[in-house]
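Undergrad: below: sequence and its predicted model.
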Amino acid sequence: MKIILPISISLFVLSACGNMPVKQLNPLAGKWRHDVVVLHLANGAQHQVFNPDCNSHYTTTRLTVICRQKGKIDRAVYAYRMLDSNKYEATLVQNKRTPHLLGTKAITDFSLKNGYLEMITYYPKPDNASSGHITKIESALIRE
C-alpha cells in the first residue's frame, strides 16, 4: 500500500496591531520540529511515526514544511487563512513530489499545550480515493 504524506500544519494570520513583536501577535511564527505524527487512512488504518525528520516554518502568510525520508527531501508550501483563533484552512500551493494535489484544501484545528503545538488536520476524501488516502493527521510539534 502506498501512503502519500501531505503534511499540513497551522499558522496564525497577523492582524494590524501596531508594533508588537511578531511572536506576541503570532505565537506559531518561527520554526517547529515534528515530534509525533499519526496518519489516519481512508480504509480506517492508522500509522504512528515518532520523530519524523520534518520541520515546519511559519511566516505571516505561508507555511513551509520540509521532510527528509530515505535520502529524499520533500518541500511543501501552503497558503492559509484563519477561520477562528484555533482553526485555519490551508491550500497546497507548491510540492514537486505531488503536483496532482496542488490546490487541495485542508482544515486544521490546533492548540499550544505544555510547549507543544498540537494539531489535527482534516483532508477531503475524493470519490476515487485509494485505501491509502490520508483523511486525517494528528501531530505534535516542538518549537526549535
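TA: Looks like it arrived, so ask away.
Undergrad: any idea where the strands of this protein begin and end?
TA: When assigned using DSSP state E, the strands of the chain occupy the ranges 30-41, 46-50, 54-58, 62-69, 72-84, 87-94, 105-113, 116-122, 134-143.
Undergrad: ranking those by burial, who's on top?
TA: Most buried of the strands of the chain by mean neighbour count (mean count of other Cβ atoms under 10 Å) is strand 54-58; its value is a mean of 22. C-beta coordinates here come from the backbone N, C-alpha and C atoms, glycine included.
Undergrad: mind listing the strands it pairs with, and their directions?
TA: strand 30-41 (antiparallel), strand 62-69 (antiparallel) (DSSP bridges).
Undergrad: is it correct that Tyr116 is in contact with His34?
TA: No. Counting by Cβ atoms under 8 Å, His34 is not a contact partner of Tyr116; they are 10.8 Å apart.
Undergrad: do I have it right that Ile137 meets His40?
TA: Yes. Judged on Cβ under 8 Å, Ile137 makes contact with His40 at a distance of 7.1 Å.
Undergrad: now tell me which helix or strand of this protein has the poorest mean pLDDT.
TA: Across the helices and strands of the chain, mean confidence by mean pLDDT, DSSP states H and E is lowest for helix 22-25: a mean of 44.
Undergrad: how close does the nearest residue to Asp74 once chain neighbours are set aside get to Tyr80?
TA: What sits nearest to Asp74 in space, not counting adjacent residues and going by Cβ to Cβ, 6 or more residues apart in numbering, is Cys67, at 4.8 Å. Distance of Cys67 to Tyr80, given as Cβ to Cβ, to the nearest Å: 18 Å.
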